[in-house]
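Peer 1: I would like the atomic coordinates for the input below:
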Amino acid sequence: MNVNALFSKSRFTIVLLFLLINLGTFALLRVVLLIKQLDDIDTPIYQIALAFLIGLVHDLAFFSYLLIPFVLYLLVLPNRIYQSKIHKTISFGVFIICLYALFFIELSEWTFWDEFGVRFNFIAVDYLIYTHEVVSNIIESYPLGWLLSGILVITVICFLLVRSLLSHTFRANESFLSRLKIAGVLLLLPVISYASIGSSWYQFSNNTYLNELATNGPYQFFSAFRNNELDYRHFYKVGDDRQLSAVIKKQLGVENSSDDLYDIKRMIKPAGEEKRLNVILITVESLSADFLATFGNKENITPYMDEWFKEGLLFTNFYATGTRTIRGLESLTLSIPPTPGQAIVKRPDNGNLFSFGRVLQQKGYDTAFLYGGRGYFDNMNAFYSGNGYRIVDQTDFSEEEKTFTNAWGVSDDIIFNRTLKEADKDHQHNQPFFFQIMTTSNHRPYSYPEGKIDIPSGSGREGAVKYTDYAIHEFIEQAKTKPWFDNTVFVMVADHCAGSARKIELPVDKYHIPLFIYAPKHVPAIRNDIVSSQIDVAPTVLGFLNLSYESQFYGRDIMQMRKDEGRALISNYQKLGLFKDNKLVYLSPQQKVDVIDDPLGAYKQLDMDAAASLVTENMAYYQSADYIWSHRLSRY
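Peer 2: Numbers count the residues shown, from 1 in each chain. This next block holds a predicted model:
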């Protein structure tokens, strides 16, 4: 039987044809991604072959879900209508649209991998919501017209190659019973896929890139959509609540007599008078420590910060808790461990939480969140306004103020200039202020006002970093001329690193960020190398203000910590890690626990028993945080 005769036998061969195109396209992308990351995939060839085999299974699983509506359509459509010329024309059009969509998705996967080093995940789910920022970013970052035209050309060529085979499917003349038998088999495939392929089935090796190759981008997208929040007690290893409650209280120095589970409330009572100092917390987009000469960079893209850091308190062993802006804001604002799934900033019912701002609000401070973009993005405005902050975002700027904007908002100099105005206003009314600033310029498309630095706008990450350095310099120099400067503590920290992808899970070095506290009359010019993370910012800054308050923070004042007490909590949306004593312990779904020795060097896997106390401590942090959130214990 020749091929044309085969395609004339059943209308369902159109499904087979599209399946073969899908499998070929997915396999080709997998090859391209393998070549891109070949230096990071130092595994035996059989493991690469296994990744492709597992990838094929995921491709088939995705296609099994995709074909459901088409199979049902082909099942019920009468032969007379199916074989008509108008139906054939419409089907050709739908086939072309499906081909274009397939090639567009593969291009999107490539760009997503290029930025994040993974297949589609929960970030892609979030980005689907914020179409204005994301679409504008794509338009400004890529030659979109050429790319879309190229996809169209490939689509037309592919269609012309298969048109003859496609035409023969419309000659099929099948009884309903025959169609029902085939449809029944095809509809059984998604049932088998759902029952047999788990959300982490693709994680078969210790190499993250290889695991990502073994999955399917669209399949992962829908999996992330379904699992955007994870039930901690269902997915993670759980310990005895009483025991872990005692452990976390000891870690945080809680001395209250309460027997209530995870009651971490305790009074902070420093000696001496409180200092009514202003606080300006600058959270810089994607400022990895390795962009700075202070931490070994040779490109001279942060000349101001590298000198500025000599004038204040620099924390050299400081880490982000997550890989996204909202994780950083969550930690800096709430001082809590990163619970699995979506950040609390994005969750419903996230108002009236104990926070950095709450402590200062109770002391009479004006608290404001200032953001260069539109604060509806990632639910930031709703979160901060629900927790007592004033909001100043892009929508509040006049046309005269908005001298430069891109997909993500105004340039950093504009948000800094607005901060100066807000500070002047509060100072005139003798009002202490706490401003949390979130910058935007160090983000693709990396564009900024021309003529400010010696790197052309839009040319890459290095230019965006250097422009941010320039904008901070201008801001601090202007602040020095203000009457409120001497009574203001400036805090600069990153929200997360520029990239977190590595061939290993939770690469600690890709969470390393700077924390710098500057107040010449109040903060010493020294370095602190105690291991710490974003949850420690609030209690540390409040320590310099010498404030008395009832704390519910998980963080500690780093200046009061011994070196052997240093630890950092790091995570992605599923892996929950504790970095301490040069060991990394992390929890994963399916009740998995991993222990890594020397995670910044040899990265050697250990048995759980080799770090039993650290495993318990890790569980205490994350299990207690989940309990406190789910039982609403951190509300006021």
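Peer 1: would you mark the buried spots in stretch 475-493?
Peer 2: By neighbour count on 16 or more other C-beta atoms under 10 Å, the buried set for stretch 475-493 is Phe475, Ile476, Ala479, Trp484, Phe485, Thr488, Val489, Phe490, Val491, Met492, Val493. Bear in mind the C-beta positions are built from the backbone N, C-alpha and C, glycine included.
Peer 1: report the buried residues of the helix or strand where His473 lies.
Peer 2: Element membership of His473 [criterion: DSSP states H and E] is helix 461-479. Under the neighbour-count criterion of 16+ other C-beta under 10 Å, helix 461-479 has 461-473, 475-476, 479 buried.
Peer 1: ok, stretch 552-560 next?
Peer 2: Going by neighbour count (16+ other C-beta under 10 Å), the buried part of stretch 552-560 is Gln552, Phe553, Tyr554, Gly555, Arg556, Asp557, Ile558, Met559.
Peer 1: so the first one is in contact with Tyr262, correct?
Peer 2: No. In this structure Gln552 lies outside contact range of Tyr262 using C-beta atoms under 8 Å: 10.3 Å.
Peer 1: confirm that Thr283 sits in a helix.
Peer 2: No. Using DSSP: H, G, I helix; E, B strand; the rest coil, the assignment for Thr283 is strand, not a helix.
Peer 1: ok, now which ones touch it?
Peer 2: By C-beta atoms under 8 Å, 6 or more residues apart in numbering, the residues touching Thr283 are Gly328, Leu329, Leu332, Gln436, Ile437, Met438, Thr439, Val493, Ala494, Asp495.
Peer 1: what's around the residue lying closest to Arg374 once chain neighbours are set aside, how many residues?
Peer 2: Residue nearest to Arg374 in three dimensions, not counting chain neighbours: Gln394, with 5.2 Å by C-beta to C-beta, 6 or more residues apart in numbering. The number of residues packed near Gln394 is 20, by other C-beta atoms under 10 Å.
Peer 1: Gln394: what's it in contact with?
Peer 2: Gln394 neighbours (C-beta under 8 Å, 6+ apart): Tyr371, Gly372, Gly373, Arg374, Gly375, Lys402, Thr405, Gly409, Val410.
Peer 1: I'd say the first one and Asp378 touch.
Peer 2: No. When contacts are counted by C-beta under 8 Å, Tyr371 is not listed as touching Asp378 (9.9 Å).
Peer 1: quick one, which of those two is more surrounded?
Peer 2: Set Tyr371 next to Asp378 and count neighbours by other C-beta under 10 Å: Tyr371 wins out with 29 against 23.
Peer 1: quick one: the more buried one from Ile391, how far?
Peer 2: 8 Å (C-beta to C-beta, to the nearest Å).
Peer 1: hmm, Gln552 and Pro539 touching each other?
Peer 2: No. Look at Pro539 against Gln552 with C-beta under 8 Å: they stay out of range, at 10.7 Å.
Peer 1: quick check: closest non-adjacent residue to Leu334.
Peer 2: Ser355 (5.3 Å).
Peer 1: list the contacts for that neighbour?
Peer 2: Shown in contact with Ser355 (C-beta under 8 Å, 6+ apart): Thr333, Leu334, Ser335, Asn387, Gly388, Ala538.
Peer 1: which helix or which strand is home to Ile81?
Peer 2: Element membership of Ile81, judged by DSSP H and E, is helix 79-82.
Peer 1: would you confirm that Asn207 contacts Ile504?
Peer 2: Yes. In this structure Asn207 lies within contact range of Ile504 using C-beta under 8 Å: 7.5 Å.
Peer 1: what about those two, which has more around it?
Peer 2: Asn207 (21 against 16).
Peer 1: state the distance from the more buried one to Ile45.
Peer 2: In this view, Asn207 and Ile45 are 13 Å apart by C-beta to C-beta.
Peer 1: got it, and Thr540?
Peer 2: Distance from Thr540 to Ile45, counting by C-beta to C-beta: 50 Å.
Peer 1: ok, now Ala382?
Peer 2: The span separating Ala382 from Ile45 equals 50 Å under the rule C-beta to C-beta.
Peer 1: max-length helix in this protein?
Peer 2: Ranked by number of residues, the top helix in the chain under DSSP state H is helix 85-116.
Peer 1: any low-confidence regions in the stretch 451-600 of the chain?
Peer 2: Low-confidence segments of the stretch 451-600 of the chain (pLDDT under 70): 500-503.
Peer 1: again, 50 this time
Peer 2: Filtered on pLDDT under 50, the stretch 451-600 of the chain yields no residues whatsoever.
Peer 1: can you give me the strands in it?
Peer 2: Assigned by DSSP state E, counting those that start in this stretch, the strands in the stretch 451-600 of the chain fall at 488-494, 515-518, 527-528, 532-533, 549-551, 568-571, 576-580, 583-588, 592-597.
Peer 1: so what's Ser588 closest to, chain neighbours aside?
Peer 2: That would be Lys575: by C-beta to C-beta, 6+ apart, it lies 5.5 Å from Ser588.
Peer 1: can you report how many residues neighbour that neighbour?
Peer 2: By other C-beta under 10 Å, neighbour count at Lys575 equals 17.
Peer 1: what residues does stretch 182-190 touch?
Peer 2: With contacts defined as C-beta under 8 Å, 6+ apart, stretch 182-190 is touched by 10, 12, 15, 60-61, 64-65, 67-68, 71-72, 74-75.
Peer 1: mind putting the residues you listed in a markdown table, secondary structure included?
Peer 2: Output for these, formatted as a markdown table (three-state DSSP):
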| residue | secondary structure |
| --- | --- |
| Ser10 | coil |
| Phe12 | coil |
| Val15 | helix |
| Leu60 | helix |
| Ala61 | helix |
| Ser64 | helix |
| Tyr65 | helix |
| Leu67 | coil |
| Ile68 | helix |
| Val71 | helix |
| Leu72 | helix |
| Leu74 | helix |
| Leu75 | helix |
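Peer 1: of those, which pair is most distant in space?
Peer 2: Spatial extent of the contacts of stretch 182-190 (C-beta to C-beta) is set by the pair Ser10 and Ala61 at 23.0 Å.
Peer 1: more crowded one of these two?
Peer 2: Taking other C-beta under 10 Å, Ser10 and Ala61 do not tie; Ala61 has more neighbours (21 against 18).
Peer 1: tally up the residues packed near the residue nearest to that one when sequence neighbours are not counted, please.
Peer 2: Counting by C-beta to C-beta, 6+ apart, Ser193 is the residue found nearest to Ala61 once chain neighbours are left out, at 3.9 Å. Neighbourhood size, Ser193 [other C-beta under 10 Å]: 18.
Peer 1: so how far is Gly357 from the residue nearest to Arg374?
Peer 2: Distance of Gln394 to Gly357, computed by C-beta to C-beta: 21 Å.
Peer 1: before we move on, what about Ala271?
Peer 2: Noted for Ala271: a distance of 25 Å to Gly357, by C-beta to C-beta.
Peer 1: compare these two (neighbour count), which wins?
Peer 2: Between Ala271 and Gly357, Gly357 has the larger neighbour count (other C-beta under 10 Å), namely 24 against 5.
Peer 1: mind telling me what element the more buried one is part of?
Peer 2: helix 356-361.
Peer 1: next one: that helix to chain centre, how far?
Peer 2: What separates the centre of helix 356-361 from the centre of its chain is 26 Å, taken as C-alpha atoms, centre = their mean, to the nearest Å.
Peer 1: what's the first helix or strand after that helix?
Peer 2: Counting by DSSP H and E, the next helix or strand C-terminal to helix 356-361 is strand 366-371.
Peer 1: below-threshold pLDDT in this protein: ranges please.
Peer 2: Using pLDDT under 50, the chain has no residue that qualifies.
Peer 1: how close does the closest residue to Leu420 other than its chain neighbours sit to Asp413?
Peer 2: For Leu420, ignoring the flanking residues on the chain, the nearest one in space by C-beta to C-beta, 6+ apart is Gln478 at 5.9 Å. Gln478 is 10 Å from Asp413, where distance means C-beta to C-beta.
Peer 1: fine by me, we can end here.
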